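Undergrad: model this:
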Amino acid sequence: MSTPLGYDLPLGYDLPLGYDLPLGYDLPLGYDLPLGYDLIVQQLIPGYASLARLAVALLAASPRASSSGAAVLVAGCGTGAELVEARAQRPDWQLTAIDPSAEMLAASQQRLGVESISWRQTTVEDLNADGCFAGALSVLVLQSLPDDGSKLAFLTALARSLEPGGQLVLVDLMAPERSTLQSQVEAAWMGFQRASGLNADPHDLAPLTQGLHPIGEARLTALVNAAGFGDPARIFQALGYEGFLLQRRP
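TA: The predicted structure is shown next:
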């Protein structure tokens, strides 16, 4: 069995539900997008398999979302990795899952069922849910937005959707720091992918990162401050992928 990266899946073969695929990657004809996402990302991002668990645990320990029955938003739910973990850790949470992709929502609903989760095919900018949530999760979403006002609009909408003091766990690909060691980091990333089963040369892996718009930490700090959050606190890093805990200012 293999993945879309040089591993041709037989037509009709179904991978387990819940596997996700990075934004900007085009699967071959005949391959089901929602079913392949997590499998590829786990082979792409060191520590990805623990990210959903960590993100939910962080939010569950926050002052607002720690309360029983707290309302929590999953912005860009994909095929439901964070939702599955949220149900496991905090079955009392009132979950709202949004995604602009009907296909991703359908895959997530097939995995989790339609009961007990509020499903919306929309973006956070169009959600119109001011101050409704005690916490929010956003994993591998901001990186897909250009820094032409779109990132700020996304972050502002997330801050607006939270109660004052509500927290957001944000995970994305970040722009690399200027360092003489950066080439070694990039080589290590390719080595990790090969060791994880992505048996492809660097040229074949290029489509996985096309169309993304990573930014540096200084720019992220400026954007989240402008959006209504305090300074970001780093809670995860694996090569170029970083996670931050953000709190909406009162």
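
Undergrad: going forward, measure contacts between C-alpha atoms and count neighbours the same way
TA: Will do.

Undergrad: starting at the chain centroid, how far to the helix or strand containing Glu163?
TA: In the assignment (DSSP states H and E), Glu163 maps to strand 162-173. Distance of strand 162-173 from its chain centroid, counting by CA atoms, centre = their mean, to the nearest Å, is 12 Å.

Undergrad: Note down every partner strand of it and its orientation.
TA: strand 133-139 (parallel), strand 241-247 (antiparallel) (DSSP bridges).

Undergrad: Show residues contacting it.
TA: Residues outside strand 162-173 that contact it (CA atoms under 8 Å, 6 or more residues apart in numbering) are 55, 58-59, 62-65, 130-143, 158, 214, 240-250.

Undergrad: With stretch 51-65 instead?
TA: Defining contact as CA under 8 Å, 6+ apart, one finds that stretch 51-65 is touched by 66, 70-72, 81-82, 85-86, 89-90, 134-137, 165-169.

Undergrad: Pull out the buried members of these.
TA: Neighbour counting with 16 or more other CA atoms under 10 Å marks 66, 70-72, 81-82, 85-86, 90, 134-137, 165-169 as buried within those.

Undergrad: Of the contacts of strand 162-173, grab the buried ones for PyMOL.
TA: To isolate the buried ones among these in PyMOL, judged by 16+ other CA under 10 Å, type:
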select buried, resi 55+58+59+62+64+65+132+133+134+135+136+137+138+139+140+141+142+143+158+214+240+241+242+243+244+245+246+247+248+249
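
Undergrad: what's the helix or strand for Asn128?
TA: Per DSSP H and E: nothing holds Asn128, as it lies in no helix or strand.

Undergrad: and it, what pLDDT?
TA: According to the prediction, Asn128 has pLDDT 90.

Undergrad: Next: Ile45.
TA: 82.

Undergrad: So it sits against Phe236, correct?
TA: No: look at Ile45 against Phe236 with CA atoms under 8 Å: they stay out of range, at 11.8 Å.

Undergrad: For those two, indicate the residue with more neighbours.
TA: A count of neighbours by other CA atoms under 10 Å puts Ile45 above the other of Ile45 and Phe236, at 19 against 16.
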